[in-house]
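In: Show me the folded form of this:
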Amino acid sequence: MQRVHFIAIGGAAMHNLAIAISKKNNFEVTGSDDEIFEPSRSRLKEHGLLPDELGWFPERIHKGLQAVILGMHATEDNPELIRAKQLGLKIYSFPEYLYQQTRSKTRIVVGGSHGKTTTTAMILFVLKQLNIDADYMVGAQIEGFDNMVKLSYESRIAVFEGDEYLTSPIDRRPKFHLYKPHIAVLTGIAWDHINVFPTFENYVEQFSKFVDLMEVQGRLIYFDGDKNLNEIAEHLRRDIVPFPYNTPKYEVNDGVTSLITKYGKIPLKVFGEHNLQNMDAARLACRQIGVTDEQFYSVISEFPGASNRLQKIVETSSSVAFKDFAHSPSKLKATVKAVKHQYPDRKLVACMELHTFSSLTEDFLPQYAGCMTEADVAFVYYNPEVIQHKRLKEIKPEQVQQAFGGTNLTVFTDSEALQAKLRELNYDNSALLLMTSGNFSGVNLIEFAEELLKK
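Out: Residues are numbered from 1 along each chain as shown. Take a look at the predicted model:
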């Protein structure tokens, strides 16, 4: 019996890994956390993995454990972590454990500042449709997959989303440095996580290291419209084979985007040039493991998108609403552009929340210049209490206004006032775009969008 204990089991990735491991034969999973929110709580309870009580309990750490998996929510002085060190137990970070479980498999790792979740989801969707078994880890729920992590004995392929954020409280390496891919995808580099990578040069360096850590005779698939990726590609190890990609040929008719291929036109459920670039990266990745282009195109038209990534949440005869995880400048700009180009004859109402550490940092705000100029009406919201909670310097609405620029934009610091303003608008012949990694201070985005569009 393999006994594995999770310190900070309630995390988005951690609870999915715990569920995945618990499904394997001869594995017994336990875990602790001092706070567990939805949906982690319900999902852990459903699988019999929810701790009996919240808190840290050193007595749960014993010599009978084969592994302790440490989540980012824990701290260096966590009493369970201290006990595990005292007993000399093997302590893994989340990515370290994934690597250990897939050492003998062909690993595909998708990295990049934006698009990695969608690209990973596209690869997994195609493999599933073609009945090709694969282990995986992806950062969002995908339609048709009951968990965000899968580990099995049988599969010979593993597909991971490669996050550049830190590995654990005691391992300050970016997560994707631990995966050592045979096939790597890099979608683009745009400065993020400035609390960890204080300069853009330092941030870019992490992607260069990621490539250097690839397995021998690796395949690097990269977006050649990114000058930093081109620079990395020019200095590859001699054994690594590069595969550049860009935007494939497409057309938009009556709100439907179609790929133009030698097999004919392929109508898609997703849209936007960035999504099409992601799709070409996924095609090249699948090709490396034996999937032909014809097979890829035969199934990709049904790809529904990943949760919270340009996800259509409401549609009426004259209006449509999307929610999106976009929060960094590059994601924000690409998402606004995609919706405007998909619905060129509709009024685009774009609303975003500054919510992450980087987005609420005064020195980072200028990165947002021009990000929402393609919207007809634009709103930016932030909660000053979140700034205080993150212990950041106060920013004023005028600073945000100046940073974004344009004459179409209004800044709000009161969620109720923002909601009232949105209720005033007429949504006939409109597209509504709600972008946040939070929820605009407690707003149910789907219910709110339905209220606005169906009034």
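
In: Which of the helices or strands spans the residue lying closest to Val320 once chain neighbours are set aside?
Out: Sequence neighbours aside, Ala431 is the residue nearest to Val320 in space, at 5.3 Å (criterion: C-beta to C-beta, 6 or more residues apart in numbering). From N, CA and C alone the C-beta is placed, and that goes for glycine too. Element membership for Ala431, per DSSP states H and E: strand 430-435.

In: try Phe296
Out: helix 293-300.

In: And for Phe448?
Out: Counting by DSSP H and E, Phe448 is found in helix 445-453.

In: How many neighbouring residues does the closest residue to Gly31 other than its chain neighbours have?
Out: Leaving aside its chain neighbours, Gly31 sits nearest to Ile9 (2.9 Å; criterion: C-beta to C-beta, 6+ apart). Neighbourhood size, Ile9 [other C-beta atoms under 10 Å]: 25.

In: give me the number of residues near the residue found closest to Thr187 once you drop the neighbours it is linked to in the chain?
Out: Spatial nearest neighbour of Thr187, excluding adjacent residues (C-beta to C-beta, 6+ apart): Gly112 at 3.1 Å. Look at Gly112: counted by other C-beta under 10 Å, it has 26 neighbours.

In: Name the SS class of the residue lying closest to Asp293 once chain neighbours are set aside, please.
Out: Nearest residue to Asp293, sequence neighbours excluded (C-beta to C-beta, 6+ apart): Arg283, at 6.4 Å. Per DSSP: H, G, I helix; E, B strand; the rest coil, the local secondary structure of Arg283 is helix.

In: Which phi and psi values does the residue nearest to Thr187 adopt?
Out: Note on Gly112: backbone dihedrals following degrees, to the nearest 10 are phi 140, psi 160.

In: Find me the pLDDT at the closest residue to Ile170 other than its chain neighbours, would you?
Out: Of all residues beyond its chain neighbours, the one nearest Ile170 is Glu76 (6.1 Å), with distances taken as C-beta to C-beta, 6+ apart. Per-residue confidence (pLDDT) for Glu76: 95.

In: Next: Met137.
Out: 97.

In: If I follow the layout properly, it ends up in contact with Asp163?
Out: No: with contact defined as C-beta atoms under 8 Å, Met137 does not reach Asp163; the gap is 9.5 Å.

In: The two: which is more packed in?
Out: Met137 (28 against 21).

In: you'd agree His327 is up against Phe364?
Out: No: His327 is not in contact with Phe364 according to C-beta under 8 Å; the separation is 11.3 Å.

In: Look up how far Asp171 lies from the residue nearest to Ile170.
Out: Computed as C-beta to C-beta, to the nearest Å, the Glu76 to Asp171 distance reads 11 Å.

In: quick one, strands of the stretch 101-250 of the chain?
Out: Assigned by DSSP state E, counting those that start in this stretch, the stretch 101-250 of the chain shows strands spanning 106-111, 135-137, 149-150, 157-161, 166-168, 171-174, 183-186, 219-223, 241-245, 250-253.

In: okay, these in TSV with distance to Ile395 next?
Out: Listed next are the strands of the stretch 101-250 of the chain as TSV, based on distance: least, C-beta to C-beta, whole Å:
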stretch	distance to Ile395
strand 106-111	30
strand 135-137	35
strand 149-150	37
strand 157-161	31
strand 166-168	25
strand 171-174	27
strand 183-186	32
strand 219-223	32
strand 241-245	38
strand 250-253	38
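
In: So which of the ones you listed is nearest Thr413?
Out: strand 166-168 (29.9 Å; C-beta to C-beta).

In: gap between the closest one and the chain center?
Out: 16 Å (C-alpha atoms, centre = their mean, to the nearest Å).

In: follow-up on the earlier one: tell me what the helix holding Phe448 is packed against?
Out: Applying 3 or more C-beta pairs under 8 Å, 6 or more residues apart in numbering; DSSP states H and E, we find helix 445-453 packed against strand 311-315, strand 319-324, helix 415-424, strand 430-435.

In: Compute the distance from the centre of the second one to the centre of its chain.
Out: The reference is to strand 319-324. 19 Å.

In: Leaving out sequence neighbours, find the closest residue to Asp163.
Out: For Asp163, the closest residue by C-beta to C-beta, 6+ apart turns out to be Lys175, at 4.6 Å.

In: Also Gly405?
Out: Gly405's closest residue in space is Ala369 (C-beta to C-beta, 6+ apart), at 5.4 Å.

In: For the one you found, give its distance to Gly272.
Out: 21 Å.

In: next one: Cys371
Out: Taking C-beta to C-beta, one finds Cys371 at 15 Å from Gly272.
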